[in-house]
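Enquirer: Got a sequence here, can you model it:
(one chain, ligands or ions: 3)
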Amino acid sequence: METNNQLGLPVGVTLDRFIKRSQSAFGYATGELSQLLRDIALAGKIVNREINQAGLIGLAGSMGNANVQGETQQKLDVIANIRFVRALKNGGEACAIVSEEEEDIIYTGNDTGKYVVAMDPLDGSSNIDVNVSVGTIFSIYRRVSPLGTKATFEDFLQGGEKQVAAGYILYGTSTMLVYTTGHGVSGFTYETSLGEFFLSHPDIKSPVNGNMYTCNDAYIKNFPEMVQEYIQRIREKGCTARYIGSMVADLHRNLLKGGIYLYPPVPKTPDGKLRLLYECYPLAFLVEQAGGKAFDGNHRTLEILPNYIHQRSPLYIGSAAMVEELMKTIQKPQELT
Ligand SMILES: O=P(O)(O)OC[C@H]1O[C@](O)(COP(=O)(O)O)[C@@H](O)[C@@H]1O
Ligand SMILES: [Mg+2]
Ligand SMILES: [Mg+2]
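Expert: Ligands and ions are numbered 1, 2, ... in the order given. Got it, this is the predicted structure:
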């Protein structure tokens, strides 16, 4: 029976039992982080149900207004945001939230909460109405501001290496929760009739190499020259292209099968499109924990210093050997000068 060798727990164990065992094994003994992970899983179950029935319960389509990113908000972007904020408020462990869907810090009223959460409530919004996989991404920090006070920007701008937990929920052919607390990566599959997440992917290790690259082909001609050179070279080596357009779904495939996801700076988004706090950092933490790598073209993603809660960043992430080869290619001209 395949087990999570660090905890010795078999496939099929419930998320709750896994969290309990992790709490004692990895010393986050006071239980608040465990409860926070449970609150996120609970909100994920509710959002899963609403995504599945969106077309029946009037949740398809756009809200008609734009979020802080200037992107049109889909109804499910807003609903997912409401569900996660409510679950974190009621859970009591998070004192504040940064969400893709809201400009400012969201105060939960739990000023004694030890944690702050940055989240992308619904990732892959362009795919919502066409029944293609979408996701939720979350990142958790222990606050640095004093307990009992209002959280501050500093609590969110600690840098990717200060994350205590991160992960995603993938609403796909099956619904999965995949997360890390810095002790490896485990995946749980949601069993709808029992309403439970069960361990299905213990100790996920990303293949060192892969034969898939993932980027929006329409933008390639505007990619940095060396990135274009790298893509051309791996194509000639037989790499195939896969692009769902929902980062969580694309990353999950590459995490399990091997591959590289690229979202370079392009004229439309010169700083990259993806958001550092609730897309790049959490996925970089998770991919590194699975043996992969993540860069912005110059720096390791987790070492990028944040200065704004909705800051964007280029992202190259995936199988270690593929990302390393890309980094060497990007840095080659600099070495030659
Ligand atoms: O449409 P593009 O430019 O290819 O961008 C697709 C990327 O943008 C995203 O949709 C951004 O995330 P949101 O949907 O949360 O805004 C990623 O999931 C996806 O990889
Ligand atoms: Mg997103
Ligand atoms: Mg989103």
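
Enquirer: contacts and neighbour counts: CA atoms only from here.
Expert: Noted.

Enquirer: The spatially most central residue of the chain - nearest residue in space that isn't next to it in sequence?
Expert: With distances taken as CA atoms, centre = their mean, Ile137 lies nearest the centre of the chain, 3.8 Å away. Distances taken as CA to CA, 6 or more residues apart in numbering place Tyr168 nearest to Ile137, at 4.3 Å, with adjacent residues excluded.

Enquirer: what are the ranges of the strands in the stretch 51-200 of the chain?
Expert: Assigned by DSSP state E, counting those that start in this stretch, the strands in the stretch 51-200 of the chain fall at 62-66, 72-74, 94-99, 106-107, 115-123, 134-142, 163-171, 175-180, 185-191, 196-201.

Enquirer: Low-confidence ranges, the stretch 101-250 of the chain, go.
Expert: Scanning the stretch 101-250 of the chain for pLDDT under 70 picks out no residues.

Enquirer: For the stretch 151-300 of the chain, which residues are neighbours of ligand 1?
Expert: Asn216, Gly245, Ser246, Met247 (CA under 6 Å from any ligand atom).

Enquirer: Is the second one in a helix, a strand, or coil?
Expert: Pointing back at Gly245 there. coil (DSSP: H, G, I helix; E, B strand; the rest coil).

Enquirer: unless I'm mixing things up, it is touching Asn127, no?
Expert: Yes. Gly245 lies in contact with Asn127 (CA atoms under 8 Å); the separation is 7.3 Å.

Enquirer: Looking at the two, which is more packed in?
Expert: Gly245 (19 against 14; other CA atoms under 10 Å).

Enquirer: Got phi/psi on that one?
Expert: Backbone torsions of Gly245, given as degrees, to the nearest 10, read phi 90, psi 0.

Enquirer: who touches Leu15 in this structure?
Expert: Phe188, Glu196, Phe197, Phe198, Leu199 (CA atoms under 8 Å, 6 or more residues apart in numbering).

Enquirer: Who wins on neighbours among these?
Expert: Leu199 leads these on contacts (other CA under 10 Å) with 26 neighbours.

Enquirer: can you tell me how far that residue sits from ligand 1?
Expert: 25 Å (CA to the nearest ligand atom, to the nearest Å).

Enquirer: got it, and Val323?
Expert: Distance, Val323 to ligand 1, using CA to the nearest ligand atom: 17 Å.

Enquirer: swap in Asn52?
Expert: Asn52 is 17 Å from ligand 1, by CA to the nearest ligand atom.
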